[in-house]
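Q: Please find the sequence and the predicted model below.
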Amino acid sequence: MARNTVRNPSDGVFRIDKFVVPAASLTAFVEQMRQIQAMFERLPGWRQKHLLTQYAGTGEFNVVTMVEWKTAAAMAVAQEIVQQQFTQEGIAPAQVLERLGVRSDRGFYIAA
């Protein structure tokens, strides 16, 4: 039977970020994303993560990240922890994207 209602965010939430990364910056950007995603595995409520690079097709975005959290609350806590870590390490994500010439489209999703 087809589902005709949107699921509740307490059933699991996804952060999906899409990036347009210049070829010259791809290696550095992917390494930065790997380091950031490695932090997630130690945080409560983390379920899974994916870091994908486009190998074929005509889409604008050539890198996509997806992280699933158990609840929206768990994701919010994780965002705070990661931001604190960035601050401690002197990382400014917006500046990194600008330096590498990366454009992004970010969103929060739940299963439909």
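A: Looks like it arrived, so ask away.

Q: Show me what V13 bridges to in the sheet.
A: W69 (DSSP bridges).

Q: Next, the contact list for it, please.
A: Counting by C-beta atoms under 8 Å, 6 or more residues apart in numbering, V13 touches E68, W69, T71, A72, M75, F108, Y109, I110. Yep, even glycine has a C-beta here, placed from its N, CA and C like the rest.

Q: hey, where'd the helices end up in this protein?
A: The residue ranges that make up the helices of the chain, judged by DSSP state H, are 26-40, 72-89, 93-100.

Q: how about the shortest one: buried residues?
A: If I follow you right, that is helix 93-100. By neighbour count with 16 or more other C-beta atoms under 10 Å, helix 93-100 contains the buried residues V96, L97, L100.

Q: now those residues as TSV including distance to W46?
A: As requested, the buried residues of helix 93-100 are arranged in TSV below (distance: C-beta to C-beta, whole Å):
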residue	distance to W46
V96	22
L97	23
L100	26
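
Q: can these go into JSON lines with extra columns for distance to I36 and pLDDT?
A: Putting the buried residues of helix 93-100 into JSON lines (distance: C-beta to C-beta, whole Å; pLDDT from 0 to 100) gives the following:
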{"residue": "V96", "distance to I36": "10", "pLDDT": "91"}
{"residue": "L97", "distance to I36": "12", "pLDDT": "94"}
{"residue": "L100", "distance to I36": "14", "pLDDT": "95"}
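
Q: out of those, who's nearest K18?
A: When the buried residues of helix 93-100 are compared for distance to K18, the smallest value, 12.5 Å, is given by L97; criterion: C-beta to C-beta.
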